[in-house]
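Visitor: 3D model of this:
(chains A and B)
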Number of protein chains: 2
Amino acid sequence: MVKYLRQDEAIKIDELLFNEFKFSVDQLMELAGMSCADSIARCFPESQRVLVACGPGNNGGDGLVCARHLKLYGYLPTVLYPKQPENELYQRLSHQCRSNDIPVLSKIDECPDVDKHFDLIVDALFGFSFKPPVRPLFLPIVERMRSSKLPICSIDIPSGWDVEKGKPDDGIEPELLVSLTAPKMCAKSFTGKYHFLGGRFVPPSLEEKFDLNLPLFPGMDKIVPLK
Amino acid sequence: MVKYLRQDEAIKIDELLFNEFKFSVDQLMELAGMSCADSIARCFPESQRVLVACGPGNNGGDGLVCARHLKLYGYLPTVLYPKQPENELYQRLSHQCRSNDIPVLSKIDECPDVDKHFDLIVDALFGFSFKPPVRPLFLPIVERMRSSKLPICSIDIPSGWDVEKGKPDDGIEPELLVSLTAPKMCAKSFTGKYHFLGGRFVPPSLEEKFDLNLPLFPGMDKIVPLK
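Guide: Predicted coordinates:
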């Protein structure tokens, strides 16, 4: 069975991918974000209008890449990006969204009636390095997701969940979870409809070192169902 | 009908992707190389042993990325990389191949009987900025491809061909051509079996600006047949 990672293992694997295997963040983020878009296209082919809520770190970067690929697939994504870091990579990724005609909003107030204007929410707020509590700037977005009736797709970690302990009592309940590289322990408490693994880039030696026991990706698919 | 680009148009579009749309080489090379691997997996599902001949520039970089994705798809690629630039990007890409258990050879002499040891050759020697003649270091490789009976997959430009005028009298005859971003004029004289377009990343405004008239990529496919 596929291994569910502790937080320290996920951080270690990430470090090795960059430092030992010499991948760049650009490379892996492109593949990870694209696999999220592929999962969404597989599970929600009828949805059109997608709100992609992006956090300040790499999870948010995955969301920006996901939004761009969704646009290429014919979706109508809107990015909500309340904290846009100065970091050159994130600046470029959000510029790429804008220049692909994707609106990038900075305040939740700019999309007042989420359930009316969108068909799906992508939760790209926090990733595997998240430590509670949710910072005040992002609380209204998590709250909006919780109160929404729209399906939610969470990238790697449902926002607000503990990376290891999983869903808190008042946690959001995504319908789709896309685990990247390998699922984290919190995914064991995921009860939504679809769980996919994305990020098809793990070198065999790394997989062996951590006994990841990843499922086989079919053909040239960038995603594989985990349930 | 899809537009076939002159060399100066291809160079201009490339510049705009990096300077105006702020893509990194890492990002687009990852998508381009992966689309080559996808095309190969589509056209040659039975081939196993693939020799990927990489040149010193971005076309060679696409080849290195292609080799890595082919390995993830279950192929057994070997990279031939006679001129390995000091450039940090190419160093990383070839390191990624090696650490994914892909042999990286530096001399054609190291693979003496190509037709015996391989099922397919990937030609990633020269791209859209190629100006004849082929430099002496690469002549034996082009010669080996010409005399081989193996199918050849050329990335963007069949090596030795003029980017605009196409196949010279003694040019190689690839069975698969993967055009990236948009086909170049030389592709008009391509008479092989399969022609695919890869590199699904062109922003709509860039497509319009150059009247590229690209075909629609089906679903979430990263490639689309051009013939």
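
Visitor: near chain B, which residues of chain A?
Guide: A:20-24, A:26-27, A:30-31, A:34, A:37-38, A:41-42, A:69, A:72-73, A:91-92, A:95-96, A:99-101, A:200-201, A:203-205, A:217, A:219-220 (C-beta under 8 Å from any C-beta of the partner chain). C-beta: built from backbone N, CA, C; applies to glycine.

Visitor: and the residues you listed, which of them are in helices?
Guide: Among these, DSSP state H puts A:26-27, A:30-31, A:34, A:37-38, A:41-42, A:69, A:72, A:91-92, A:95-96, A:204-205 in helices.

Visitor: if we can go back for a sec, pull out the buried members of the residues of chain A next to chain B.
Guide: The neighbour count (16 or more other C-beta atoms under 10 Å in any protein chain shown) marks A:21-24, A:26-27, A:30-31, A:34, A:37-38, A:41-42, A:69, A:72-73, A:92, A:95-96, A:99-100, A:200-201, A:203, A:217, A:220 as buried among the residues of chain A next to chain B.

Visitor: for chain B, what is the nearest residue in chain A?
Guide: For chain A and chain B, the shortest gap (C-beta to the nearest C-beta) falls at residue A:26, measuring 3.8 Å.

Visitor: show me what contacts the residue nearest to that residue when sequence neighbours are not counted?
Guide: In space, and not counting its chain neighbours, residue A:26 is closest to residue B:26: 3.8 Å by C-beta to C-beta, 6 or more residues apart in numbering or on different chains. By C-beta atoms under 8 Å, 6 or more residues apart in numbering or on different chains, the residues touching residue B:26 are A:24, A:26, A:27, A:30, B:89.

Visitor: now swap in residue A:105 and tell me
Guide: Counted by C-beta under 8 Å, 6+ apart, residue A:105 has contacts A:78, A:79, A:80, A:81, A:111.

Visitor: which of these has the most neighbours?
Guide: residue A:79 (27 neighbours; other C-beta atoms under 10 Å in any protein chain shown).

Visitor: so it sits against residue A:50, correct?
Guide: No: between residue A:79 and residue A:50 there is no contact under C-beta atoms under 8 Å: 9.5 Å.

Visitor: show me what the residue positioned nearest the centre of chain A is bridged to.
Guide: Central residue of chain A (C-alpha atoms, centre = their mean): residue A:155, 2.0 Å from the mean position. Under DSSP bridges, the beta-bridge partners of residue A:155 are residue A:178.

Visitor: mind listing what it touches?
Guide: A:36, A:59, A:62, A:63, A:66, A:122, A:123, A:124, A:127, A:178, A:180.

Visitor: for the closest residue to residue A:69 other than its chain neighbours, give me its contacts.
Guide: In this structure, residue A:69 finds its nearest non-sequential neighbour in residue A:37, 3.6 Å apart by C-beta to C-beta, 6+ apart. By C-beta under 8 Å, 6+ apart, the residues touching residue A:37 are A:65, A:66, A:67, A:69, A:70, A:73, B:220.

Visitor: surely the fourth one touches residue A:31?
Guide: No: counting by C-beta under 8 Å, residue A:31 is not a contact partner of residue A:69; they are 10.5 Å apart.

Visitor: tell me the pLDDT at residue A:62?
Guide: On pLDDT, residue A:62 comes in at 98.

Visitor: try the one 4 residues further on
Guide: With respect to pLDDT, residue A:66 has a value of 98.

Visitor: what's the helix or strand for it?
Guide: helix A:58-72 (DSSP states H and E).

Visitor: cool, and residue A:195?
Guide: Using DSSP H and E, residue A:195 sits within strand A:194-198.

Visitor: next, the angle from that strand to helix A:58-72.
Guide: 100 degrees (axes from the mean of the first three to the mean of the last three C-alpha atoms, to 10 degrees).

Visitor: so how far is strand A:194-198 off the chain centroid?
Guide: Centroid separation between strand A:194-198 and its chain, computed with C-alpha atoms, centre = their mean, to the nearest Å, is 11 Å.

Visitor: which strands and helices sit next to that strand?
Guide: Contacts defined by 3 or more C-beta pairs under 8 Å, 6 or more residues apart in numbering or on different chains; DSSP states H and E place strand A:194-198 against helix A:25-43, strand A:176-180, strand A:223-225.

Visitor: any chance of those in CSV, plus mean pLDDT?
Guide: Shown next, in CSV, are those (pLDDT from 0 to 100):
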stretch, mean pLDDT
helix A:25-43, 98
strand A:176-180, 98
strand A:223-225, 98
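
Visitor: so what's residue A:161 up against?
Guide: Residues near residue A:161 by C-beta under 8 Å, 6+ apart: A:167, A:168, A:171, A:172, A:186, A:189.

Visitor: most neighbours, which of those residues?
Guide: Most surrounded of the contacts of residue A:161: other C-beta under 10 Å gives residue A:186, at 26 neighbours.

Visitor: okay, that residue: pLDDT?
Guide: Looking at residue A:186, its pLDDT is 98.

Visitor: repeat that for the one 10 residues further on.
Guide: Model confidence at residue A:196, given as pLDDT, is 98.
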